[in-house]
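>>> fold the following, please.
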Amino acid sequence: MGPESPSTVPEVVVRLRAIEVSAPPADGVVCFARLYREVTEAVEAQLAGGQPTGRPFLERLDVRFAGLFLAAFAAFEGGRAVPPAWVPLFSQRSQQGVAPLQFAIAGMNAHINRDLPVALVSTCRELGLNLAEASPEHAAFEQVNALLSQVEARIKGLYLTGWLHAVDRLVHRFHRLDDVVAMWDVARARDAAWTNGQALWALHETPPLATAFVESLDRMVGLAGRGLLLPADTLIQRIGRVLR
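Down below sits the predicted model:
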């Protein structure tokens with residue numbers, strides 16, 4: 001991780017809040033940062049409430065995990081190359097017709113599917129742990145899944161309410177946002193990330209294969225991100241945007 005990386009979970013929250021106020025609320029990166037900050041605060045509150053077995057692992061994982069997003073965003077802001085998984089969100093952050101929920105989920109797609117396996121491996125190596133499924137760390141990791149699912153459901157509800165959305169559902173029975181919501185599940189994505197982390201861990205003795213694995217994963221996640229960011233607005237929504 002580079003100089004942009006945070007060192008504590010509270011610092012992660014501060015950095016995400018700074019991104020939230022750096023651009024208009026409808027900005028794609030801001031939409032993701034807002035969701036990410038709320039999830040991080042919820043996890044931090046749970047850890048503070050007492051989960052002693054997995055707490056050191058989860059806190060260090062959170063910091064390393066966030067550092068990958070923050071480093072990628074800093075690279076983009078500085079005109080440097082970024083991982084392909086992040087290119088769709090960063091390059092289309094001002095795209096008209098893309099709903100805030102799409103931006104938020106596209107960010108989760110890049111962060112969980114690409115960054116989380118990398119963060120899992122680096123965290124376990126730093127702490128002298130492994131990625132065995134019978135480990136206390138895996139149990140702690142899965143406990144967080146339930147919390148994340150609750151937070152995600154609440155955030156989706158906030159993004160998918162309002163009279164305009166209700167009218168739009170009547171006119172367009174199969175709304176693009178329904179497709180986006182249906183194809184994303186945070187718990188399944190995190191389970192896949194653990195499995196990909198195990199695969200990356202197993203390739204430790206063959207660095208060229210490990211690099212090729214991450215590059216391939218990066219490209220596939222980027223492809224999914226482009227699909228998640230196809231414009232979702234309809235005639236009803238476009239009229240509503242003009243009337244605001």
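
>>> at the geometric centre of the protein, which residue do we find?
Central residue of the chain (CA atoms, centre = their mean): M108, 2.3 Å from the mean position.

>>> so who does that one touch?
Shown in contact with M108 (CB atoms under 8 Å, 6 or more residues apart in numbering): F32, L35, Y36, W184, V186, A189. Every residue, glycine included, has its C-beta placed from N, CA and C.

>>> same check, this time on L229
Contact partners of L229, counting by CB under 8 Å, 6+ apart, are G28, P88, L89, Q92, Q95, V98, Q102, F103, A106.

>>> CSV please, covering these and showing secondary structure.
Shown next, in CSV, are the contacts of L229 (DSSP: H, G, I helix; E, B strand; the rest coil):
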residue, secondary structure
G28, helix
P88, helix
L89, helix
Q92, coil
Q95, coil
V98, coil
Q102, helix
F103, helix
A106, helix
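
>>> between those residues, which is nearest G222?
Distance to G222 across the contacts of L229 (CB to CB) is lowest for P88, with 6.1 Å.

>>> quick one: that closest one and G222 touch, right?
Yes. Here P88 reaches G222: they are 6.1 Å apart, a contact under CB atoms under 8 Å.

>>> lowest-confidence member of the contacts of M108, which is it?
Taken together, the contacts of M108 show their lowest pLDDT at W184, with 72.

>>> helix, strand or coil for that residue?
coil.

>>> would you indicate which residues of stretch 79-87 are buried?
For stretch 79-87, a neighbour-count test (16 or more other CB atoms under 10 Å) marks V82, P83, P84, A85, W86, V87 as buried.
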